[in-house]
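Visitor: need a 3D model of the sequence below.
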Amino acid sequence: MVFYFKARPEAGDYTIFMGLDKYENEELIKYGFPEDIWFHVDKMSSAHVYLRLHKGQTIDDISEGVLEDCAQLVKANSIQVNNVDIVYTPWQNLKKTASMDVGQVGFHNSKMVRTVRVEKRINEIVNRLNRTKVERTPDLKAEREAVNAAERAEKKQHIREKVSTLILI
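Guide: Coordinates of the predicted model:
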């Protein structure tokens, strides 16, 4: 089961999501998208929260408001009460080895990991996010394979167009 949330409307159409438990988190780690940004409490147990950016966007494009939404959602689903550091990084920077426990991750490049401090839970933000909460049981593998197939088809079409242009010249 994956929980989906909508970020603050004024920020644009962004989806925030998290797994039900560490086993679902394992699937999210395995089948993430290049546009996903992963959030977690630093060095403590918490939910794995993801923000799906739009194609072409990077971690630098996250607005302060959306960053606050993600950080508050992580904070609300952690065991720590106050003053936590939330780390976030692109999904592609997550490193998973066979020796790691279920749901545990490391990083390929620690320089790509950013931190934001959350002093306390802001109920107004958490309640707003929870009002948008939708539970689904997606086939994450199939979703990822569909995106991969679409990207391959787009690349093939681009190559065909280039070849056609070269033939005409």
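Visitor: which stretches of the chain aren't confidently modelled?
Guide: 168-169 (pLDDT under 70).
Visitor: do a quick rundown of the strands in it.
Guide: Along the chain, counting by DSSP state E, strands occupy 2-6, 15-19, 36-41, 49-52, 84-90, 94-95, 106-107, 114-118, 134-136.
Visitor: of the ones you listed, which approaches V126 most closely?
Guide: strand 2-6 (10.0 Å; C-beta to C-beta). In this view, the C-beta of every residue, glycine as well, is placed from N, C-alpha and C.
Visitor: so what strands line up beside the closest one?
Guide: strand 15-19 (antiparallel), strand 134-136 (antiparallel) (DSSP bridges).
Visitor: ranking these by burial, who's on top?
Guide: Stretch with highest mean neighbour count among those: strand 15-19 (a mean of 20; mean count of other C-beta atoms under 10 Å).
Visitor: mind putting the strands paired with strand 2-6 into TSV with distance to D60?
Guide: Shown next, in TSV, are the strands paired with strand 2-6 (distance: least, C-beta to C-beta, whole Å):
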stretch	distance to D60
strand 15-19	18
strand 134-136	28
